[in-house]
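Novice: Build the 3D model from these lines:
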Amino acid sequence: MDQDYIKSNVLTTTLESAINWGRKHSLWPMPFGTACCGIEFMAVLASRTDLARFGAEAIRFSPRQSDLLIVAGRISIKMMPVLIRIYEQMPEPKWVISMGACASSGGVFDTYSVIQGIDRFIPVDVYVPGCPPRPEGVVDGLMKLQKKVGKEKLSDYTTSNTS
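Specialist: The predicted structure is shown next:
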């Protein structure tokens, strides 16, 4: 074969980067909306911001079919076990976006009954600030998560699940 033909028609990459490319462009989010941020999340799915262009239009309401948990709104102490159970039911690899001030830090609800940040109970990958955050902020958070997913190693998931 001609060398120029091979150079122009062969794509080389690593298996890891090909898998990460597929993962970051096909996130299946599960919204966990409990307050005003949940309402604002609906605007993220509208035509103006359109999550479909990032491959995240397949919104699932089953944790077993999702790999991205978007927690939007305040979480009470009574609701926290439900959120933990949902997170545990999601298959690996999984990611979490904390959307809004309430999910990230309790927001204005500094009371005994509201969790002061979900990161005390489940790991959070991206924080989206705001009360409630604008749809463009959620899109920015999704793009940050895509960058993070693109840099992950396959060994991060194979060694942690073999205990």
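Novice: Going by C-alpha atoms from here, please, whenever you check contacts or count neighbours.
Specialist: OK.
Novice: Low-confidence stretches in the protein?
Specialist: Residues of the chain that meet the criterion pLDDT under 70 lie in 1-12, 157-163.
Novice: what do you get if the cut-off is 50, keeping everything else the same?
Specialist: Along the chain, the parts satisfying pLDDT under 50 run over 162-163.
Novice: which residues of it fall in helices?
Specialist: Secondary structure of the chain (DSSP state H): helices at 3-9, 15-24, 36-44, 80-89, 101-105, 135-150, 155-158.
Novice: got the CA coordinates for the fifth one in CSV?
Specialist: Translated: helix 101-105. Output in CSV follows, covering the C-alpha atoms of helix 101-105 (Å, rounded to 0.1, in the frame of the first residue of the first chain):
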residue,chain,number,x,y,z
ALA,A,101,-27.0,26.9,46.3
CYS,A,102,-29.3,24.6,48.3
ALA,A,103,-27.8,21.3,47.0
SER,A,104,-24.3,22.7,47.3
SER,A,105,-24.4,24.4,50.7
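Novice: looking at the helices of the chain, which is buried most?
Specialist: helix 101-105 (a mean of 26; mean count of other CA atoms under 10 Å).
Novice: elements contacting it?
Specialist: Secondary-structure packing of helix 101-105 (3 or more CA pairs under 8 Å, 6 or more residues apart in numbering; DSSP states H and E): strand 68-72.
Novice: coming back round to it: show me the one of the helices of the chain that comes nearest residue 111.
Specialist: For residue 111, the closest of the helices of the chain is helix 101-105, at 11.7 Å, according to CA to CA.
Novice: what distance separates that closest one from the middle of the whole chain?
Specialist: Mean-position distance between helix 101-105 and its chain equals 15 Å (CA atoms, centre = their mean, to the nearest Å).
Novice: what do you get for stretch 97-116?
Specialist: Worked out by CA atoms, centre = their mean, stretch 97-116 lies 18 Å from the chain centre.
Novice: Dead centre of this protein: give me the residue that sits there.
Specialist: residue 68 (3.7 Å; CA atoms, centre = their mean).
Novice: Skip the chain neighbours and tell me the closest residue to that one.
Specialist: Excluding its sequence neighbours, the residue lying closest to residue 68 (CA to CA, 6 or more residues apart in numbering) is residue 29, at 4.4 Å.
Novice: Next up, the contacts around the one you found.
Specialist: Residue 29 is in contact with 56, 57, 58, 59, 60, 66, 67, 68, 69, 70, counting by CA atoms under 8 Å, 6 or more residues apart in numbering.
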